[in-house]
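[1] Attaching a predicted model along with its sequence, questions to come.
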Number of protein chains: 2
Amino acid sequence: MSERVLVNQLKHLPAGAVSVSGWVETVRDQKKVQFVILRDETGAVQLVNPATRELAEDADDAARAALALTETISAMSTGTFLTVTGELKHDERVKLGGVEIKIGALEIAAASDPETPIAADSGLDKRMDWRFIDLRQARNNLIFRVQTTLEHAMRTYWIERDYIEIHSPKLMSSPAESRAELFSLEYFGDQTAYLAQSPQHFKQMAQAAGFGKVFEIADAFRADPSFTSRHATEFTSIDAEISWVDSHEDVARMQEELLQTAIQAVKDKHGAEIEELFGLEVTVPALPFPRIPLAEAREIVASRGYEIPRADGDLDPEGERQLSAYVKETYDHDFVFVTDYHPEIRPFYHMRDPETGMTKSYDLLYRGTEITTGAQREHRVEVLEAQATEKGLDVAGLEHYLDFFRYGVPPHGGFGMGLARLLMLLLGESSIREVTFLFRGPTRLAP
Amino acid sequence: MSERVLVNQLKHLPAGAVSVSGWVETVRDQKKVQFVILRDETGAVQLVNPATRELAEDADDAARAALALTETISAMSTGTFLTVTGELKHDERVKLGGVEIKIGALEIAAASDPETPIAADSGLDKRMDWRFIDLRQARNNLIFRVQTTLEHAMRTYWIERDYIEIHSPKLMSSPAESRAELFSLEYFGDQTAYLAQSPQHFKQMAQAAGFGKVFEIADAFRADPSFTSRHATEFTSIDAEISWVDSHEDVARMQEELLQTAIQAVKDKHGAEIEELFGLEVTVPALPFPRIPLAEAREIVASRGYEIPRADGDLDPEGERQLSAYVKETYDHDFVFVTDYHPEIRPFYHMRDPETGMTKSYDLLYRGTEITTGAQREHRVEVLEAQATEKGLDVAGLEHYLDFFRYGVPPHGGFGMGLARLLMLLLGESSIREVTFLFRGPTRLAP
């Protein structure tokens, strides 16, 4: 492996010989001196070369080499990947990190076509066409470093508490609830497979298997023709499920602690960079997060002058924004658990509270957008069957699922959370497309 | 959340009141005393209850309750999940952990059907039909704890070295190399999507994006009609890709260090339990792993009296076993990198060594089975196009992929490794089905 130095380490090194590798961000080709901004995955550094524009008649080999180097630099296009060996110099006047490298030797690994198809200010769709170039921007690179830290902190939280990581299958023989919004495919001739839209069934199966506490961060698929800033046909779902809960409150308490831990880790590792590149301070949420029953949430929204235009009693996106604004003003908090949903607007497998008639479930809103549904699950098979029938579901089609509850199962609950929504809201981005490595939507399957 | 104590913590607690939750593994219903083995995700404990079989005429409430408890226990079927509150007693004579709990109160969370469809010695296919019951076995539970530790150690290794975790899309618009063995599906009417059989293209894209070093542990799909112990139609793929490599050797060095670190973590955390339940000692591999060029490997196999019945110069499964046996005898090592594969038996994107004409790639064998292919990738687009054409591939169909190399890209390489194969070989299991949460094969889509 080349002995390359990462750009963010240069400031810690003494002046002298050094080797860096990265790509050309800009070339300033002045008559007497050439400047190249080279970027790698950690930052950007200025390279400098005194230009040799012509040769004297008695030019020696060194002069010829200098001319060749100058011409190479003049011809270099943005995006070219190269390795430069040279002399590191510390100089306070250099705005970019206070260091610069005088180019000694330069080796091009792969030149870029001179016509770069996008610019930093190209439209989102155009940028997605050329996502691999778009991702070279420092702020895009940072998004995926933040993602890495966020996920690792969550997994570490769980593993320190003896959770088991599962990899549930994405190919299923029967649809989870209804066939709506499910991709299907032909499976070895005469079978039909469906792509899982959530690991719901399988993380519940892990409870019947006596796994106790499980998590999974994996792909989920939804054949949803939506074009909103919050929907994708393929997304990363963060899921956990735990045994022996008394109610959804046990799930909510785990989730709020998990989020606090993960956001703290992001702040610790990337807080300064996020402030620089996104212009915002990472806010670590205080515990406990506020809880507001749905009926009260609707009253709050109404009292702010917004009438929710839906009959089913749920919030709509604007209602969620209004509620979050209220929570921010009242509690100075970015998160809010909305609780006490009526069974009519919840899936059949949510447990119901016999006293209130409401489901033992919650939605979690973050800065005005729903990022999670959590619940205690109904684990009594006869109640589960009755609730499925009440919803008009075909109980026969749910046999594999219902079997999980026939041979003993502990009371349990869990949540699912969209990684991209969480990242989008944490970084103040306007669309999950900006924080997805390669977005997939109804009209977007490439690159 | 219930104040339950995990079974493996009981031995550390003083005698006295305690509450445990789990499922019934066995009931020994003797005339004068009842014994229940209760298991949770951490172990098993003996519960004891002095039986009350009939009531005196002047029986008081306590006696009636005692009779009811006895009858409840008599009626309990294996698999029933329950919570027991009682008195913990330390007693060396109790073989199961030296503790026992005298049952005070017993609350059934969900009773099991008395007819359990499988037993511990049922055939593999039958056990897979009822995987959630099969997974209750202590050794199966341990498999997924080992998996959790193995993966977390790998991710931690990478994250400590500033790798970025990516989630590449599984829905692709164009097949990677050929359409063979790819699942396809109708995508919003007039489009066709393919399920990725590897994140190969996208982790290479991350190199062109300047991400430097990336990893991903995620699902991959292969429409492979094989029924061997090593193949599945859906599997968890462990992938990494790094920039600025000089050759595949840089990749191999990272991978051997990664594996040593991860297996050490498994030994530290689960070594004793693995010895108890699998009867084997976890062996942490020494560095460096042996390297043997393919031509030499074939000679070694031939000298052991096995003639490989294939014309293309590659090893076959028996050849791999023979080579691993040789490596074990000669170097006392469980792993071996086989190197110097001819381009004819490698994909078009493997870089070739101009001196030897061989690809800069390796296979990694572990205890006789291939678990990985690794390589430096060809990053010069004109060479890549020529190699694709030479393989008879349709270059036009590869445009999205080839585009990644037109706008600058660093030299790079990586590997893909099957999680289930690694686990199977580490634990001495005979099939990946034993170490997969829910196996998927040509005739297996459920549960």
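    All right, it came through fine.

[2] What about A:Ile432? Give its phi and psi, please.
    phi -70, psi -20 (degrees, to the nearest 10).

[3] Give me the spatial nearest neighbour of it, chain neighbours excluded.
    Once flanking residues are discounted, A:Ile432 sits nearest to A:Ala420: 3.8 Å by C-beta to C-beta, 6 or more residues apart in numbering or on different chains. C-beta coordinates here come from the backbone N, C-alpha and C atoms, glycine included.

[4] What about the one you found, how many residues nearby?
    For A:Ala420, the count of nearby residues is 25 (other C-beta atoms under 10 Å in any protein chain shown).

[5] Return the list of helices and strands in contact with whichever strand or helix holds it.
    Using DSSP states H and E, A:Ala420 maps to helix A:419-426. Applying 3 or more C-beta pairs under 8 Å, 6 or more residues apart in numbering or on different chains; DSSP states H and E, one finds that helix A:419-426 contacts helix A:138-160, strand A:234-243, strand A:361-366, strand A:369-377.

[6] could you dump the ones you listed to CSV with mean neighbour count and distance to A:Thr389?
    Output for the helices and strands packed on helix A:419-426, formatted as CSV (neighbours: other C-beta atoms under 10 Å in any protein chain shown; distance: least, C-beta to C-beta, whole Å):
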stretch, mean neighbour count, distance to A:Thr389
helix A:138-160, 20, 35
strand A:234-243, 24, 24
strand A:361-366, 25, 20
strand A:369-377, 23, 17
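
[7] Any chance of CSV for these, columns mean pLDDT?
    Listed next are the helices and strands packed on helix A:419-426 as CSV, based on pLDDT from 0 to 100:
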stretch, mean pLDDT
helix A:138-160, 98
strand A:234-243, 98
strand A:361-366, 98
strand A:369-377, 97
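
[8] Looking at A:Gly189 now. What's its pLDDT?
    A:Gly189 is assigned 88 on the pLDDT scale.

[9] Just say helix, strand or coil for it.
    coil (DSSP: H, G, I helix; E, B strand; the rest coil).

[10] so where do the helices sit in chain A?
    Along chain A, counting by DSSP state H, helices occupy A:61-75, A:124-129, A:131-134, A:138-160, A:200-208, A:248-278, A:294-303, A:317-331, A:381-390, A:399-403, A:419-426.

[11] A:Tyr366 touches A:His333, doesn't it?
    No - in this structure A:Tyr366 lies outside contact range of A:His333 using C-beta atoms under 8 Å: 10.1 Å.

[12] quick one, which of the helices of chain A is packed in tightest?
    When the helices of chain A are scored by mean count of other C-beta atoms under 10 Å in any protein chain shown, the highest mean neighbour count falls to helix A:200-208 (a mean of 25).

[13] Remind me what that one packs against, helices and strands.
    strand A:213-221, strand A:234-243, helix A:399-403, strand A:412-418, helix B:131-134.

[14] can you state the direction angle for that helix and strand A:369-377?
    Angle, helix A:200-208 to strand A:369-377, by axes from the mean of the first three to the mean of the last three C-alpha atoms, to 10 degrees: 40 degrees.

[15] average pLDDT for helix A:200-208?
    Rounded mean pLDDT across helix A:200-208 is 96.

[16] Centre of the chain to it, how far?
    Relative to its parent chain, helix A:200-208 has a centroid offset of 24 Å by C-alpha atoms, centre = their mean, to the nearest Å.

[17] Could you export that helix as PDB, CA atoms only?
    Extracted in PDB, the C-alpha atoms of helix A:200-208 (Å, rounded to 0.1, in the frame of the first residue of the first chain):
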ATOM      1  CA  GLN A 200     -41.600  -7.000  11.300                       C
ATOM      2  CA  HIS A 201     -42.700 -10.600  11.100                       C
ATOM      3  CA  PHE A 202     -39.200 -12.000  11.400                       C
ATOM      4  CA  LYS A 203     -38.100  -9.900  14.400                       C
ATOM      5  CA  GLN A 204     -41.300 -11.000  16.100                       C
ATOM      6  CA  MET A 205     -40.300 -14.600  15.100                       C
ATOM      7  CA  ALA A 206     -37.100 -14.000  17.000                       C
ATOM      8  CA  GLN A 207     -39.100 -13.300  20.100                       C
ATOM      9  CA  ALA A 208     -40.900 -16.700  19.800                       C
END
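
[18] According to the record, where do the domains of chain A fall?
    A:7-110, A:131-435 (automatic domain parsing).

[19] want to throw those into JSON lines with distance to B:Ile274?
    Output for the domains of chain A, formatted as JSON lines (distance: least, C-beta to C-beta, whole Å):
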{"stretch": "domain A:7-110", "distance to B:Ile274": "38"}
{"stretch": "domain A:131-435", "distance to B:Ile274": "16"}
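
[20] Tabulate the helices and strands packed on helix A:419-426 (JSON lines), appending distance to chain B.
    Output for those, formatted as JSON lines (distance: least, C-beta to the nearest C-beta, whole Å):
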{"stretch": "helix A:138-160", "distance to chain B": "4"}
{"stretch": "strand A:234-243", "distance to chain B": "5"}
{"stretch": "strand A:361-366", "distance to chain B": "16"}
{"stretch": "strand A:369-377", "distance to chain B": "11"}
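
[21] Adding distance to B:Gly43, write the ones you listed out as JSON lines.
    Formatted as JSON lines, the helices and strands packed on helix A:419-426 follow (distance: least, C-beta to C-beta, whole Å):
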{"stretch": "helix A:138-160", "distance to B:Gly43": "19"}
{"stretch": "strand A:234-243", "distance to B:Gly43": "15"}
{"stretch": "strand A:361-366", "distance to B:Gly43": "32"}
{"stretch": "strand A:369-377", "distance to B:Gly43": "25"}
